[in-house]
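Student: The sequence and its predicted three-dimensional model are supplied below.
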Amino acid sequence: MKTAFITGITGQDGSYLAEFLLKKKYKVVGLVSKKHNIGWENVENLKKRVTFEDGDLLDKSSLEKVFKKYKISEVYNLAALSFIPACWEKPQLAFDINALGVLRLLEIIRDKSKKTRFYQASTSKIFGRSDKSSLNEKTPILPKDPYSVSKAAAHFIVRAFRNQYSLFAVNGILFNHESPKRGPDFVTRKITLSAASIKLGLQKKLELGNLKSKEDWGYAPDYVRAMWLMLQQDKPQDFVIGTGEAHSVGDICKIAFSTLGLDYKKYVIVDKKFFRRQTGKPIIADYSLAKKVLSWKPQVSFDKMIKMMVEKDYNYLKDSNS
């Protein structure tokens, strides 16, 4: 039985990955911090099947204890300070978690567990706003904010340790991915929650920024499958993961509200205070390398994903307020 160690297990990706690995008959160990409780909602159903260990990416000794206690086959480092406004408020903390946390894990693997395979959750945000619209593994890395700068540093650290110490360490350069477990601060979930609230009479309007803003949005469980596939290869390499399609915020609104029989134009108010400063074209993933090497492609469409999210939110709010 392989043992997988997941940081960020209580988040969207971590909880889906844990479920995926349990089906693959892994023993799953998840890192949780008593100092920074970020909620257990996503892993309530896993408490009897996952082993949770107290620790923190800021505390190397706590990570070493986990490696000493278990023979870890694979590490999936999904923990991060990822909400960009929070990273602007606390850039030093963002760098300490997102970059130096990776370095702490890699040092432990180098010194104590060299056969352990390591997955780093990189992000398409490291590319900044590229002049190109379709981005792949060779696209120049040009981060623009504390979050993407810290993630870019981690990305290069992984490459450096892979080359210097022959570690099996890879970066998954993931574009935006959503699900019913997505946090309410993110625009997709904000929209699906609001649509459900409006349908139930709990909310009257939804204020948003630029409805024409476009992103490459995929379905989170598809992406955790790609993470696992990256660590099953004969040689380590980095992969871009996305859908290759761009959709607008307005598209999300249209699907979410129409799923509930509503016209979003009657409820959505555009407020320029929510506009983000953007330059360049909307970017999408060129995931042709993942398709070729991993035999990976997205399975759940954008429309189906948004419908799943809004239906889950509607049923939850309906039950909570009945």
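Tutor: Sure, I can see it.

Student: Show me which positions of the helix or strand of the chain with the lowest mean pLDDT end up buried.
Tutor: None of the helices or strands of the chain scores lower by mean pLDDT, DSSP states H and E than helix 84-89, at a mean of 89. By neighbour count on 16 or more other Cβ atoms under 10 Å, the buried set for helix 84-89 is Ile84, Cys87. All C-beta spots, glycine's among them, are computed from the backbone N, C-alpha and C.

Student: contact partners of it?
Tutor: Leu81, Ala94, Lys125, Asp145, Pro146, Tyr147, Ser150 (Cβ atoms under 8 Å, 6 or more residues apart in numbering).

Student: and if you look at stretch 294-306?
Tutor: With contacts defined as Cβ under 8 Å, 6+ apart, stretch 294-306 is touched by 178-179, 188, 192, 217-219, 221-222, 225-226, 229-230, 233, 239, 241, 243, 245, 247, 251-252, 255-256, 259, 287, 290-291, 308.

Student: start to end distance for it?
Tutor: From its first residue to its last, stretch 294-306 covers 26 Å (Cα to Cα, to the nearest Å).

Student: what about Arg159, distance to Pro146?
Tutor: Applying Cβ to Cβ, to the nearest Å, one obtains 21 Å for the distance of Arg159 from Pro146.

Student: Neighbour count: these two, which is higher?
Tutor: The neighbour comparison of Arg159 against Pro146 (other Cβ atoms under 10 Å) goes to Pro146, with 21 against 16.

Student: and the closest residue to that one other than its chain neighbours, what are its phi and psi?
Tutor: Once flanking residues are discounted, Pro146 sits nearest to Pro91: 3.8 Å by Cβ to Cβ, 6 or more residues apart in numbering. The phi and psi torsions at Pro91 (degrees, to the nearest 10) take the values phi -60, psi -30.

Student: Numbering from 13 from now on, please.
Tutor: Right, with 13 as the first residue, what we last looked at is Pro103.

Student: Quick one: the helices in the stretch 63-212 of the chain, in order.
Tutor: Along the stretch 63-212 of the chain, counting by DSSP state H, counting those that start in this stretch, helices occupy 72-81, 96-101, 103-107, 113-124, 158-177, 199-211.

Student: Quick check on Leu301: phi, psi?
Tutor: phi -70, psi -40.

Student: just checking, it touches Val252?
Tutor: Yes: taking contacts as Cβ atoms under 8 Å, Leu301 lies within contact range of Val252: 6.8 Å.

Student: Looking at those two, which is more packed in?
Tutor: Set side by side, Leu301 and Val252 show unequal neighbour counts under other Cβ under 10 Å, the larger going to Val252 at 26 against 17.

Student: Which of the three states applies to the more buried one?
Tutor: Here Val252 takes the strand state, with states given by DSSP: H, G, I helix; E, B strand; the rest coil.

Student: How about the one 5 residues further on?
Tutor: For Glu257, the secondary-structure state derived from three-state DSSP is coil.

Student: what's the burial count for it?
Tutor: 15.

Student: Next, find the distance separating the residue with the largest distance to the centre of the chain from Leu214.
Tutor: Farthest-out residue of the chain from its mean C-alpha position, per Cα atoms, centre = their mean: Ser334, at 32.7 Å. Taken as Cβ to Cβ, the spacing of Ser334 relative to Leu214 amounts to 12 Å.

Student: can you check Ala172 too?
Tutor: From Ala172 over to Leu214 (counting by Cβ to Cβ), the distance is 50 Å.

Student: just Val236 next, same as before
Tutor: When distance is defined by Cβ to Cβ, Val236 is 32 Å away from Leu214.

Student: tell me the pLDDT at Val78?
Tutor: Turning to Val78, the model gives it a pLDDT of 98.

Student: How about Arg288?
Tutor: The pLDDT attached to Arg288 in the predicted structure is 67.
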